[in-house]
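Participant: any chance you can model this:
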Amino acid sequence: MTTTSLPSRLIGSRAVSAVGLGAMPMSIEGRPDDARSIATIHAALDAGVTLIDTADSYHLLAGETGHNERLIARALDTYEGDAADVLVATKGGHLRPGDGSWTQDGTAQHIIEAAEASRVALDVEVIDLYQFHRPDPRVPFAESVGALNHLLNEGVIRMAGLSNVSTDQIEQAMELTQGRIVSVQNQFSPSFRSSLDELRLCADLGLAFLPYSPLGGIGNAGGLGRTNAAFQRIADDRGVSPQQVALAWELSLAPVVIPIPGASRPETIRDSAAAAELHLTEEELATLAE
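Facilitator: Residues are numbered from 1 along each chain as shown. Purely as a prediction, here's the structure:
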């Protein structure tokens, strides 16, 4: 399947595949060996995926910051096909000390330093898309967004986005950056629809909405059909997986939606990418909306 055969969405001035790749499972608990991870990324590219999502905090052990970013850089460097159109989106401001916990640092100094480190880890001169990972309650939101402005002005990043934000924060960031935010990455899935307002605002503003954990997250994606019976029924009728149905449903919600399902095996990302060609009927969509 070629990239041009897939419905495409726009991030800034870049057209990307309708379904992206969430690379986090390749670097945290239960991660596969590097060979399988790289094979998974290559399989995604072969399937026409042109958006890869990562973050500096996608790692397992202390001292591994940037593990997932370096893995992606290696995969792109060793890919035998054409990766010129691949857009890599990374994030900063959310940290993993190495004990399984998550912490935050939304200070402008940290975000700027983290972006510079991500540029090195990804082995690029300019980061395609850099997203503020999670608002820090100890730091004024305007300070964190100001760091994105700085990175844009200095040419460290080509585009800026937000993650784990509310509608008010999206609107505030758009004002603070004079409209230079291009994406929002919030959790959204059949079982977690709390970000529907943010999705709708992104559609109104023309911002890419990147649902993370679009199949329910690590440990839940495989059982999506058991926890969402309507998705399983339609999948059985269509002869596809319930995961494909879930991604096709999300794609139907707005032209700006680009789900980024996590994957650590080639076969799972191939199945997810095929959702771009699954067109659900109005009756099926009405059933799933319930």
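
Participant: identify the residue nearest Leu46 in space, chain neighbours excluded?
Facilitator: If you look again at residue 46, you'll see it is Asp, not Leu. Computed as CB to CB, 6 or more residues apart in numbering, the closest residue to Asp46 that is not its neighbour in sequence is Gly81, at 6.8 Å. To be clear about C-beta, it is placed using only N, CA and C from the backbone, and glycine gets the same treatment.

Participant: check which helix or strand the one you found maps to.
Facilitator: Assigned by DSSP states H and E, Gly81 belongs to no helix or strand.

Participant: hang on, isn't it packed against Ala47?
Facilitator: No. Applying CB atoms under 8 Å, one finds Gly81 not in contact with Ala47, separated by 11.1 Å.

Participant: list phi and psi for Ser163.
Facilitator: phi -140, psi 140 (degrees, to the nearest 10).

Participant: now it, nearest residue through space, not along the chain?
Facilitator: The shortest distance from Ser163 to any residue other than its chain neighbours is 4.1 Å, reached at Gln185 (CB to CB, 6+ apart).

Participant: Val16 should be in a strand, yeah?
Facilitator: Yes. Assessed by DSSP: H, G, I helix; E, B strand; the rest coil, Val16 belongs to a strand.

Participant: find the nearest non-adjacent residue to it, please.
Facilitator: On the basis of CB to CB, 6+ apart, the spatially nearest residue to Val16 that is not a chain neighbour turns out to be Leu51, at 4.3 Å.

Participant: name whatever forms a beta bridge with the one you found.
Facilitator: Applying DSSP bridges to Leu51 gives these bridge partners: Leu87.

Participant: what about the residue nearest to Asp46, distance to Pro32?
Facilitator: Gly81 sits 22 Å away from Pro32, going by CB to CB, to the nearest Å.

Participant: same question for Ser272.
Facilitator: Taken as CB to CB, the spacing of Ser272 relative to Pro32 amounts to 17 Å.

Participant: looking at those two, which is more packed in?
Facilitator: A side-by-side neighbour count of Ser272 and Pro32, using other CB atoms under 10 Å, places Ser272 first with 29 against 15.

Participant: residue contacts, the more buried one?
Facilitator: For Ser272, the contacting residues are Val19, Leu215, Gln243, Gln244, Leu247, Pro259, Pro261, Ala263, taking CB atoms under 8 Å, 6 or more residues apart in numbering as the criterion.

Participant: could you redo the last one with a cut-off of 6 Å?
Facilitator: Val19, Leu247, Pro261 (CB atoms under 6 Å, 6 or more residues apart in numbering).

Participant: kindly report the same for Gln172.
Facilitator: Under the contact definition (CB under 6 Å, 6+ apart), no residues are listed for Gln172.

Participant: confirm that it sits in a helix.
Facilitator: Yes. If the criterion is three-state DSSP, then Gln172 is within a helix.

Participant: the residue nearest to Val16 contacts Val86, doesn't it?
Facilitator: No. In this structure, Leu51 is not within contact of Val86 by CB atoms under 6 Å, at 7.6 Å.

Participant: so, low pLDDT: which residues of the stretch 1-150 of the chain?
Facilitator: Segments of the stretch 1-150 of the chain classed as low confidence (criterion: pLDDT under 70) are 1-7.

Participant: Thr227: how many residues sit nearby?
Facilitator: Using other CB under 10 Å as the criterion, the residues surrounding Thr227 number 13.

Participant: I meant Ser191, not that one.
Facilitator: Other residues within reach of Ser191, judged by other CB under 10 Å, total 15.

Participant: from Val165, how far off is Ser17?
Facilitator: On the measure of CB to CB, Ser17 and Val165 end up 24 Å apart.

Participant: kindly report the same for Gly92.
Facilitator: From Gly92 to Val165 the distance is 15 Å (CB to CB).
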